[in-house]
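1. Based on what follows, work out the 3D shape:
(one chain, ligands or ions: 1)
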Amino acid sequence: MSHIKCKRIAILTSGGDAPGMNAAVRAVVLASHHYHIDVIGFYHGYNGLICTESIAQTKLIALSDVNGIIHRGGTFLKSARCEQMLTETGLQRAAKTLTEQNIDALIVVGGDGSFNGLLALKDYWQGQLIGIPGTIDNDLDSTDFTIGFATAVHTAIEAIDKIRDTADAFERIFLVELMGRHSGHITFNVGIACGAEQVLSFENFSLVDQKSKLKQLATEIKAAQQNRHSSYIIVIAENLWPGGAVELAKKLKESAGIDCTACVLGHIQRGGSPVPKDRLLATKMGVAAVQAIVEGENHIMIAEQNSATCYVALEQAVKHRKVVSQQLIDAQTNILALTAQNQY
Ligand code: F6P
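-> I've put the predicted structure just below:
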């Protein structure tokens, strides 16, 4: 039931772009049109609110602007990481811009860093602050999925399936580094779906004793290779091993004579057309964000829990990093045990 008369919503996309951000902005614009609310797009993340003199930063988004963008990766509003958003001056400037532009509510599509910016703004600006979770990392607590995660997983799986073909042909060992910042959601989901022989991530691998970990890894690879004579794929989370996959490959060669080809998938995981799951999630969340504004909600993140859209306090969403499902970790542990015993 509507009880707030909102006339102008500001929207921006912030942090690492994620496939489906365009679809979310589209949904916000379409839903706002239904409620006769104008949507002002701010470009380049929070910089659009702060650096108002330097570049053209705003646009009243027309329906025609969001026509034909549901399938586009990236974000037409551009994105950025903005350190200034956590400074007194930056926050004051952002609040001033929002006030001067007669904005009633601000929607930010981004990850935890972006939501910390929203939370900080709370003390400087009185309008409604709403977050839509958009990050390939899927590390935001209280939502089952973030926009972009499904596409990133799909992209990485396609790439590793191709690596598997050439790895099989040469009976080679590959170390594939995946994004995810400090979470293993992408690594575990991709690793298991690709049938990777090893999944190395924060949740199952600690660097406390680097030397013995390296030895154990080398022993497991050698044991599996002895009888199988086939490809061997290890997926590894970025930021896990110092120097990443390239350094780990070097160490395996130096310490155990294992030839291992390193491949860093990198930003390919952030691009591309969003898969149906992300388009649908983005559309549901975009519409829900506008409904939340009309209902008078404030300081919330739009979330999806057990397939239902709901609202979660922003503080709650950024309090903890979402953990990888224990079921996935256990499944991989069982698969690894079978590989090591040469039963598979
Ligand atoms: O948060 C999304 C993400 O792609 C992470 O997975 C990765 O660690 C980071 O952004 C990379 O950031 P940048 O594009 O600024 O190097």
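2. what residues does the stretch 1-150 of the chain put near the ligand?
-> Residues of the stretch 1-150 of the chain lying near the ligand by CB under 6 Å from any ligand atom: 16, 111, 135-137. Any C-beta I mention is one placed from the backbone N, CA and C, and that applies to glycine too.
3. and which of those is nearest to the ligand?
-> Minimum distance to the ligand across those is 2.9 Å, recorded for Gly16 (CB to the nearest ligand atom).
4. and the residue in the stretch 201-344 of the chain positioned nearest to the ligand, what are its phi and psi?
-> Using CB to the nearest ligand atom, the closest approach of the stretch 201-344 of the chain to the ligand is made by Arg270 at 5.3 Å. Main-chain dihedrals, Arg270, degrees, to the nearest 10: phi -90, psi -20.
5. nearest residue to the closest residue to the ligand within the stretch 51-200 of the chain other than its sequence neighbours?
-> Going by CB to the nearest ligand atom, the ligand is nearest to Met179 of the stretch 51-200 of the chain, at 3.4 Å. Residue nearest to Met179 in three dimensions, not counting chain neighbours: Gln269, with 4.9 Å by CB to CB, 6 or more residues apart in numbering.
6. residues contacting that neighbour?
-> 136, 152, 155-156, 178-179, 186 (CB atoms under 8 Å, 6 or more residues apart in numbering).
7. Same list, the residues you listed, but as a markdown table with secondary structure, pLDDT and neighbour count please.
-> Output for the contacts of Gln269, formatted as a markdown table (DSSP: H, G, I helix; E, B strand; the rest coil; pLDDT from 0 to 100; neighbours: other CB atoms under 10 Å):
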| residue | secondary structure | pLDDT | neighbour count |
| --- | --- | --- | --- |
| Ile136 | coil | 98 | 30 |
| Ala152 | helix | 98 | 32 |
| Thr155 | helix | 98 | 23 |
| Ala156 | helix | 98 | 26 |
| Leu178 | strand | 98 | 30 |
| Met179 | coil | 98 | 23 |
| Ile186 | helix | 98 | 28 |
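8. helix or strand for the residue of the chain positioned farthest from its centre, which one?
-> Here the chain reaches farthest from its C-alpha mean at Asn227, the gap being 38.6 Å by CA atoms, centre = their mean. Element membership for Asn227 (DSSP states H and E) is helix 210-228.
9. Okay, strands next: where are they in this structure?
-> For the chain, the strands defined by DSSP state E cover 8-13, 38-42, 58-60, 105-110, 128-133, 173-178, 198-200, 232-237, 261-264, 300-305, 308-313.
10. Neighbouring strands of the last one in the sheet, and parallel or not?
-> The sheet places strand 308-313 alongside strand 300-305 (antiparallel), with pairing taken from DSSP bridges.
11. how about stretch 227-246: buried residues?
-> For stretch 227-246, a neighbour-count test (16 or more other CB atoms under 10 Å) marks 231-238, 240-241, 244-245 as buried.
12. ok, and which of the residues you listed reach the ligand?
-> With CB under 6 Å from any ligand atom as the criterion, those include Glu238 near the ligand.
13. okay if I get the buried residues of stretch 227-246 as JSON lines plus distance to Ile37 and pLDDT?
-> What follows is these, written out as JSON lines (distance: CB to CB, whole Å; pLDDT from 0 to 100):
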{"residue": "Ser231", "distance to Ile37": "54", "pLDDT": "94"}
{"residue": "Tyr232", "distance to Ile37": "55", "pLDDT": "95"}
{"residue": "Ile233", "distance to Ile37": "49", "pLDDT": "96"}
{"residue": "Ile234", "distance to Ile37": "50", "pLDDT": "97"}
{"residue": "Val235", "distance to Ile37": "44", "pLDDT": "98"}
{"residue": "Ile236", "distance to Ile37": "46", "pLDDT": "98"}
{"residue": "Ala237", "distance to Ile37": "41", "pLDDT": "98"}
{"residue": "Glu238", "distance to Ile37": "40", "pLDDT": "98"}
{"residue": "Leu240", "distance to Ile37": "44", "pLDDT": "97"}
{"residue": "Trp241", "distance to Ile37": "48", "pLDDT": "96"}
{"residue": "Gly244", "distance to Ile37": "45", "pLDDT": "97"}
{"residue": "Ala245", "distance to Ile37": "47", "pLDDT": "98"}
